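Q: Coordinates for the following, if possible.
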Amino acid sequence: YPQEEEERIRRILVDLRGADNMSGMLLTDNRAMEASKVMPPTYFKPNDIVLPAQWLVNTYGIPRYQEANPAIFAVVTFPFIFGIMFGDVGH
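A: I've put the predicted structure just below:
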């Protein structure tokens, strides 16, 4: 989960505690991740403008942890390149 979402997730876990007083616990242990050399998952929080480009980028693969999100570049370049190819077909 993203660092800025931690407090919201904790509040949700507290709010979902039922009548049986069972609760969830959110644990973070960076030492275990560093020791096992496991790459953490990638999470992008796209807005309405970037969402279609994010879907397109995800079909080719999801960037690794701490890599730049190529969907931001796809928002600009994909319509431009598509327009050039569409014009080459003779339309």
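
Q: where in this protein is pLDDT low?
A: 1, 18-38, 89-91 (pLDDT under 70).

Q: same thing but at 90, please
A: 1-47, 49-50, 52-54, 56-74, 76, 78-91 (pLDDT under 90).

Q: pull the longest helix from the chain.
A: Longest among the helix segments of the chain by residue count, using DSSP state H, is helix 71-88.

Q: buried ones in stretch 62-75?
A: By neighbour count on 16 or more other CB atoms under 10 Å, the buried set for stretch 62-75 is N69, P70, A71, I72, A74, V75. Glycine gets a C-beta too; all of them are placed from N, C-alpha and C.

Q: Now the terminal residues of that stretch, how far apart.
A: Taking CA to CA, to the nearest Å, stretch 62-75 runs 16 Å from one end to the other.

Q: Give me the contacts around that stretch.
A: By CB atoms under 8 Å, 6 or more residues apart in numbering, the surrounding residues in contact with stretch 62-75 are M39, P40, P41, T42, F44, P46, I49, V50, A53, Q54, L56, V57.

Q: let's see it at 7 Å
A: M39, P40, T42, F44, P46, I49, V50, A53, Q54, L56, V57 (CB atoms under 7 Å, 6 or more residues apart in numbering).

Q: circling back: how much distance is there from the longest helix of the chain to the middle of the chain?
A: Centroid separation for helix 71-88 versus its chain: 23 Å, with CA atoms, centre = their mean, to the nearest Å.

Q: how about the helices in this protein?
A: Under DSSP H, the chain gives helices at 6-15, 30-36, 51-60, 71-88.

Q: what's the most buried one of those?
A: Most buried of the helices of the chain by mean neighbour count (mean count of other CB atoms under 10 Å) is helix 51-60; its value is a mean of 14.

Q: Make TSV out of the contacts of stretch 62-75 and add distance to G83.
A: Shown next, in TSV, are these (distance: CB to CB, whole Å):
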residue	distance to G83
M39	37
P40	38
T42	30
F44	26
P46	23
I49	18
V50	19
A53	15
Q54	21
L56	16
V57	19
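
Q: Out of those residues, which is nearest to V14?
A: P40 (24.5 Å; CB to CB).

Q: Just give me the neighbour total for the closest one.
A: 11 (other CB atoms under 10 Å).
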